[in-house]
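Asker: could you look at this predicted model? Sequence included:
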Amino acid sequence: MMFVLQYKQLHIVQEQMRKNRTHQTHRWKDYAMCEDRKPLDDFIVRQKRPDEWRVEERPFEALEAQEERE
């Protein structure tokens, strides 16, 4: 298993049904990967806004497939 550090990024979606034609939401972007969760958790604690960071666990095979697509 691998652990992926992610941060929250503002994402504005274009919508035709809304008056201003936009909808603000967020998406999670990958920042770093590690086989051990502790260094990633330590990094989050040192951030100004730790609520905008998270650690997600992924199988190693899924990460290899994602790298091939990029």
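Answerer: Received, thanks.

Asker: low pLDDT regions in the chain?
Answerer: 17-21, 60-70 (pLDDT under 70).

Asker: what about the helices in it?
Answerer: Secondary structure of the chain by DSSP state H: the helices cover 38-45, 60-69.

Asker: how far out from the middle of the chain is the first one?
Answerer: What that stands for is helix 38-45. Using CA atoms, centre = their mean, to the nearest Å, the mean C-alpha position of helix 38-45 is found 14 Å from that of the whole chain.

Asker: for that helix, buried residues please.
Answerer: By neighbour count with 16 or more other CB atoms under 10 Å, helix 38-45 contains the buried residues Leu40, Phe43, Ile44. All C-beta atoms are positioned from the backbone trio N, CA, C, and that covers glycine.

Asker: quick one, strands of the chain?
Answerer: Counting by DSSP state E, the chain has strands at residues 2-14, 22-34, 53-58.

Asker: what residues are up against Pro59?
Answerer: Met1, Met2 (CB atoms under 8 Å, 6 or more residues apart in numbering).
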